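[1] Sequence first, predicted model second:
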Amino acid sequence: MENVQIRPFRATDVPWLVEQHGKYYARDEGFDASFGALVQSILEDFVASHDPARERGWISECDGERLGSIFCVALDGQTAKLRLFLLLPEARGRGLGKRMLDTCMGYARSAGYAEMRLWTHESHRAACALYRANGWQLLASKPVHSFGVDLVEQSWKIQL
């Protein structure tokens, strides 16, 4: 993982991101196709209308192979939202997730946000442990039925 870079997201990354989210969430969580459709919609909106002064996305890659993504978008004037944080299984456990999270949070600070929020599921234990270890606080947790499965949805925040 020495050659890993975290580069800016490009619109040409959209098909790969939709495919990877759909593939891994179906395999690991049992999600149905509605999840891939949601990712597609989020990315189309980002490409069409994000504010480049306050919103960014990044792709991690090694030797031209994409490994993951993370996005910082505006929730409101003072709050950023972390979105589409994905790290392929073969890239996990080597500190890349922390590097990506640090990149996103550092950008949010430099863009003038006072706080960040995110939405996830408790089944993402490694990601939740990473958030907690980096100062994020769990705001709420509730059972839901989404993407064809029963889940426990979580909301997290951190003061920047």
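    Arrived safely, thanks for sending.
[2] can I assume Asp51 is in contact with Ala74?
    Yes. Contact criterion CB atoms under 8 Å: Asp51 and Ala74 qualify, at 6.5 Å. Yep, even glycine has a C-beta here, placed from its N, CA and C like the rest.
[3] Tell me where this protein has strands.
    4-8, 56-62, 65-74, 79-87, 115-121, 137-146, 149-159 (DSSP state E).
[4] Distance from the last one to the middle of the chain?
    Which is strand 149-159. Distance of strand 149-159 from the chain centroid (CA atoms, centre = their mean, to the nearest Å) equals 13 Å.
[5] Can I get it in CSV, CA atoms only?
    Once side chains and other backbone atoms are set aside, the C-alpha atoms of strand 149-159 remain, and they are given as CSV (Å, rounded to 0.1, in the frame of the first residue of the first chain):
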residue,chain,number,x,y,z
VAL,A,149,-33.1,-5.9,4.8
ASP,A,150,-33.6,-5.1,8.4
LEU,A,151,-30.8,-2.7,9.7
VAL,A,152,-29.9,-0.5,12.6
GLU,A,153,-29.4,3.0,11.2
GLN,A,154,-27.0,5.3,12.9
SER,A,155,-26.3,9.0,12.9
TRP,A,156,-22.9,10.4,14.0
LYS,A,157,-21.3,13.8,14.4
ILE,A,158,-18.1,15.5,15.2
GLN,A,159,-17.2,19.1,16.1
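[6] between that strand and strand 137-146, how many degrees?
    Comparing the axes of strand 149-159 and strand 137-146 via axes from the mean of the first three to the mean of the last three CA atoms, to 10 degrees yields an angle of 160 degrees.
[7] Now do the buried residues in strand 149-159.
    Judged by neighbour count (16 or more other CB atoms under 10 Å), strand 149-159 contains these buried residues: 151, 154, 156-158.
[8] Please apply the same query to the third one.
    The neighbour-count criterion (16+ other CB under 10 Å) identifies 66-74 as the buried residues of strand 65-74.
[9] Show the average pLDDT along it.
    The predicted model gives strand 65-74 an average pLDDT of 97.
[10] neighbouring contacts of it?
    Where contact means CB atoms under 8 Å, 6 or more residues apart in numbering, the residues beyond strand 65-74 that reach it are 4, 9, 13, 16-17, 20, 46, 50-51, 54-61, 80-88, 90-91, 96-97, 100-101, 103-104, 107-108, 111, 113, 116.
[11] related to what we said a few turns ago, columns distance to Ala26 on top of the strands of the chain, output as JSON lines?
    Shown next, in JSON lines, are these (distance: least, CB to CB, whole Å):
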{"stretch": "strand 4-8", "distance to Ala26": "26"}
{"stretch": "strand 56-62", "distance to Ala26": "21"}
{"stretch": "strand 65-74", "distance to Ala26": "17"}
{"stretch": "strand 79-87", "distance to Ala26": "13"}
{"stretch": "strand 115-121", "distance to Ala26": "14"}
{"stretch": "strand 137-146", "distance to Ala26": "14"}
{"stretch": "strand 149-159", "distance to Ala26": "10"}
